[in-house]
Structures are given as structure tokens and as C-alpha cells.
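# got a sequence here, can you build the structure:
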Amino acid sequence: MVKRLSQNKMKRSFLVFYFVLIWLCCLAEGNVPVYVTPEDFGCVCNTPKLASNNANGLQKAINYCIANGCKLTSVASHSYYIDKGLRISGFIDMDLGGATIIATDSISMLTIHWDKTEYWTGMIRNFRLDLNGKAKVGIDCSKVIKLHLTDGEFLGIGNYAIGLNVKEGYELLADNLHFHGCRKNSIGIKTKTGDCHFSDCIMIDCYTAVDNQGSNFFERIHAWMLPRYIHGSTYFRNRGGCVFLSQCFCDTYDTAFDVLNICEMHISQLKLIHNKIMWKDPYDKVNPVVFEFKNDDVANKSKISLLDSHIGGIWLGNKERQVFSKRTNSIKVSDSNITAVKNLQ
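Numbers count the residues shown, from 1 in each chain. Just a heads-up that it's a prediction; the model follows:
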């Protein structure tokens with residue numbers, strides 16, 4: 001009995017020694033931190049004069065995280081000015097904790113290019129990208145596969161600038177995002193690919209909230225305009241593809257849906273309203289349209305359904321100003337309340 005207890009004690013001692021040895025070996029071989037910060041690579045926050053230094057440091061931090069599989073993080077009180085665009089070309093886990101990256105030049109702030117279909121591109125969250133009225137693009141997905149963007153803001157989207165630009169790829173998940181336009185012709189989301197999902201996005205003063213080309217899914221896209229850029233503004237421009245929009249909110253846009261090519265659109269539980277204080281006199285120039293088609297061929301051949309929706313009108317100067325559509329079309333309307341002049345020729 002004593003001999004058996006002694007053998008068990010030796011076994012336990014050996015196992016403890018074995019696991020301690022493995023742990024020490026791992027520390028000696030790798031010593032890779034769980035996370036790094038921009039400051040670890042020479043970045044200095046809240047200092048515009050160090051934009052070039054910060055761009056180099058942030059790129060080194062991104063490359064290090066891709067190579068070593070660790071997380072890039074920061075804190076909400078930090079702002080990093082950059083004068084050169086950053087690039088992600090591998091799996092990334094980025095949680096900036098609400099920190100802000102501010103552009104000082106006409107750059108694409110963050111370009112993502114990842115074409116390995118069997119892998120995730122990763123996740124970018126808790127970020128604030130300030131285009132500062134200067135950058136051309138906030139996040140430029142030149143090729144993206146299986147990426148998740150969440151809990152982020154795109155600020156200062158300027159003239160012909162784009163907050164989120166998706167050129168190629170699929171399975172992008174973008175949710176809980178805010179877009180702030182600051183110039184005429186600003187664009188919130190522009191996509192030229194398919195099988196992407198956009199949800200819970202707030203678009204404030206974006207001249208074009210969404211510019212879509214491809215078969216994609218949109219849920220709870222709430223966009224609203226201020227008076228300064230309201231004329232000529234577009235809530236959703238569709239250049240082709242099969243699009244699904246659910247529980248979206250179009251608030252005071254000149255054109256709700258601008259259909260440029262033959263397409264298929266399934267719109268359900270849409271709420272469209274006009275805030276009267278946003279429209280300024282002379283009212284004879286106020287003529288918002290729910291569905292605008294490029295030509296009769298696009299209007300007649302497109303398949304569009306409007307289900308369980310509310311389309312509010314705009315009564316100004318003793319006249320209903322909004323038009324449902326200026327062209328003859330075959331929009332299928334079901335269980336929807338429409339307060340607008342239909343099919344004005």
C-alpha cells in the first residue's frame with residue numbers, strides 16, 4: 001500500500017514538472033503578447049504634426065498583428081493623425097476601443113485586400129475614422145472575404161468621398177455603423193459586389209446614403225438629411241442586382257430610390273417621411289420622388305415589390321409635392337400606406 005502511494009506521488013510530480021516545462025518552453029520560444037497598441041510602434045496620439053510618423057507606426061502595428069495573431073487596440077481618448085493610407089492584407093483582429101484615426105490628406109484611409117477564400121479576414125470594431133473632409137475613402141475593400149465591421153463611425157465624409165467602399169469580394173458583415181457627411185456628393189456606403197450584409201446603419205447628411213451594384217441585403221438603414229444638401233440627394237441608388245431591404249427608414253431625401261439599371265428589389269416595412277422644416281421656400285422647387293427610373297425600359301423591366309410599408313407625403317404651399325413615380329412601372333404594392341401622387345406622367 002505504501003509502495004502504491006509512493007508511485008502515485010511520483011506520477012503527479014512528473015506531470016506537474018512536465019506541464020511547467022512546456023509552459024516555460026512556450027514563453028522562451030514565443031513571448032508574443034496578447035495585444036499591442038499603436039504606441040508600442042512609435043505612434044503619438046493627439047498630435048497632428050506627427051501624421052507621417054503615426055502612419056508608419058500604425059502600419060507596422062497592423063503588420064505585426066497579422067504576422068503574430070495578436071490584437072491591435074487603443075483607448076477612446078486617443079486620436080492618431082495619418083497622412084498615408086494603411087493596408088490590411090491578412091487576418092486582423094482590431095479593437096480600437098473608440099480611438100479615432102484622422103486623415104490629413106486625400107488618401108484611402110484603410111485598404112483591405114484579402115483573397116484567401118478558406119480564411120476569415122477578421123474583425124474591425126470600436127473604431128472612428130475621420131475623413132476630415134480630405135480623405136477619398138474611409139475603408140476601401142479592394143477585395144474582402146468574410147470580414148466583420150462593427151461599432152464604428154465614419155466622420156467628415158467630403159465631396160465625392162465614400163465612407164465604406166466595397167469593390168470586390170463577398171460575405172462582408174457591416175453593422176452598427178454611423179456615417180456623417182460634411183459636403184455635397186458625400187456617399188455613405190458604395191458597393192460593387194454581392195452577398196454582403198449591411199444592418200443597423202445611421203447615415204447623417206450623406207448626399208447619397210447607399211450606392212449599390214450587386215445582390216446584397218440591407219436591414220435597418222436609417223438615413224436623414226439636413227437642408228443644406230437636401231436638393232438632389234438620394235437615399236438608395238441601385239445600379240443592378242437583386243436587393244433586399246428590410247425595416248429601413250428614409251427621412252427627408254429628394255429621391256428615395258434611384259434605379260439606373262434593370263434590377264430586382266424587395267422592399268419590406270419601409271418607412272419614408274419628410275420633415276417639413278428641412279424643406280425651405282421656394283416650395284415650387286420641392287418635388288421629391290419615391291421611385292426615379294433612368295428610362296422607361298428600366299422602369300418596365302425591373303421587378304420591384306413594396307410590402308407592409310408607409311410612404312408619407314409632403315404638403316407644402318397648399319400642394320402635395322411628392323411623386324410616387326414619374327414613369328409607368330410595374331411596382332407591386334401590398335399592404336402599404338402611400339401618401340403621394342402616383343405615376344405622374
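# any idea how far stretch 257-271 is from the middle of the chain?
Its chain's average C-alpha position is 19 Å from that of stretch 257-271, according to CA atoms, centre = their mean, to the nearest Å.
# cool, stretch 63-76 as well?
Put simply, stretch 63-76 sits 21 Å off its chain's centre (CA atoms, centre = their mean).
# try stretch 176-188
10 Å.
# return the set of buried residues in it.
177-183, 185-188 (16 or more other CB atoms under 10 Å). The way it works is simple: take the backbone N, C-alpha and C, and place the C-beta from them, glycine included.
# end to end, how far does that stretch reach?
For stretch 176-188, the separation between the terminal residues is 13 Å (CA to CA, to the nearest Å).
# repeat that for stretch 35-51.
Its first and final residues considered, stretch 35-51 spans 23 Å by CA to CA.
# what sits up against that stretch?
With CB atoms under 8 Å, 6 or more residues apart in numbering as the test, stretch 35-51 has contacts from 53-54, 56-58, 60-61, 64-65, 70-74, 77-83, 99, 102, 104-105.
# what subset of those is buried?
Buried members of the contacts of stretch 35-51, scored by 16+ other CB under 10 Å, are 53-54, 56-58, 60-61, 64-65, 70-74, 78-83, 99, 102, 104-105.
# among those, which ones are in strands?
Residues of those located in strands (DSSP state E): 71-73, 79-82, 102.
# wait, which of these is closest to Trp114?
Closest approach between those and Trp114, by CB to CB: Leu72, at 15.9 Å.
# look up how far Asn53 lies from that closest one.
Leu72 sits 17 Å away from Asn53, going by CB to CB, to the nearest Å.
# now do the helices in the stretch 151-300 of the chain.
Listed in chain order, the helices of the stretch 151-300 of the chain (DSSP state H, counting those that start in this stretch) span 296-301.
# Trp114 reaches Gly90, doesn't it?
Yes. With contact defined as CB atoms under 8 Å, Trp114 counts as touching Gly90 (6.5 Å).
# and the two? Which one has more around it.
More neighbours surround Trp114 than the other of Trp114 and Gly90, with 23 against 17 (other CB atoms under 10 Å).
# for that one, what are its contacts?
Contact analysis of Trp114 by CB under 8 Å, 6+ apart lists 88-91, 121, 143-145, 147.
# before we move on, the earlier item: let's have the buried residues of stretch 176-188 in TSV, adding pLDDT and distance to Lys326.
Below are the buried residues of stretch 176-188 laid out as TSV (pLDDT from 0 to 100; distance: CB to CB, whole Å):
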residue	pLDDT	distance to Lys326
Leu177	98	32
His178	98	33
Phe179	98	28
His180	98	31
Gly181	97	26
Cys182	93	31
Arg183	92	28
Asn185	96	23
Ser186	98	25
Ile187	98	24
Gly188	98	25
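# so which of these comes closest to Phe217?
Closest to Phe217, out of all of those and judged by CB to CB, is Leu177, at 14.8 Å.
# I am finished for the moment; much appreciated.
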